[in-house]
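[1] sequence unknown, structure follows:
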């Protein structure tokens, strides 16, 4: 296989398969020209190629009209640039949507953090009251369970972990 043949084979396999079918029959799961910038560019190139063919090989047997060739080239360039603009616009919209989604997640996370902090403050206050009650419990009624509860409560309130 020559280098040119290899190059052509690789180019045939390079597309996503939606605009120009690939020899291996594979189609990328990209959404096609409606949302995929690669497919949009491929479509614009195919349409330009078809217009150039029509300009270079008129159906009625007339000779090549330079104006038609120039018009086809301008239309190709315009369509190709429009496809790039559309692809970039779609990417901007996707990124904007992702930013909004991430912003919503962040707002929800911040609200959840505020709620959890309030719950933590409440639980610490309740634990503090329970600790005072345990410490004030008559020493004659204390046992290993109450002593352990006092130690765990003190550790929790001081920020330590005491298993």
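    Thanks, I have the structure now. Keep in mind it's a predicted model, so treat the numbers as computed, not measured.
[2] contacting residues for the spatially most central residue of the chain?
    The chain has residue 98 as the residue nearest its centroid, 6.4 Å off, counting by CA atoms, centre = their mean. By CB atoms under 8 Å, 6 or more residues apart in numbering, the contact set of residue 98 is empty. To be clear about C-beta, it is placed using only N, CA and C from the backbone, and glycine gets the same treatment.
[3] sec struct for it, please.
    Following DSSP: H, G, I helix; E, B strand; the rest coil, the label given to residue 98 is helix.
[4] go on, residue 19?
    coil.
[5] Which pLDDT value does the model give the residue nearest to the centre of the chain?
    pLDDT for residue 98: 88.
[6] Would you mind measuring from it to residue 150?
    51 Å (CB to CB, to the nearest Å).
[7] Distance of residue 95 relative to residue 33?
    20 Å.
[8] Comparing those two, which residue is more hemmed in?
    residue 33 (21 against 10; other CB atoms under 10 Å).
[9] Show me the shaky parts of this structure.
    Scanning the chain for pLDDT under 70 picks out 1-14, 55-65, 160-163.
[10] Residue 75 contacts residue 50, correct?
    No - proximity of residue 75 to residue 50 does not meet the contact threshold set by CB atoms under 8 Å, at 10.6 Å.
[11] Let me see the ranges of the helices in the protein.
    Along the chain, the stretches classed as helices by DSSP state H are 3-14, 37-56, 66-136, 144-158.
[12] Deepest in the core, which of the ones you listed is it.
    Of these, the one with the most neighbours on average (mean count of other CB atoms under 10 Å) is helix 37-56, at a mean of 17.
[13] Next one: the residue nearest to the centre of the chain from residue 75, what distance?
    Taking CB to CB as the measure, residue 98 falls 34 Å from residue 75.
[14] swap in residue 140?
    From residue 140 to residue 75 the distance is 99 Å (CB to CB).
[15] next one: residue 47
    8 Å.
[16] Check residue 93 too.
    26 Å.
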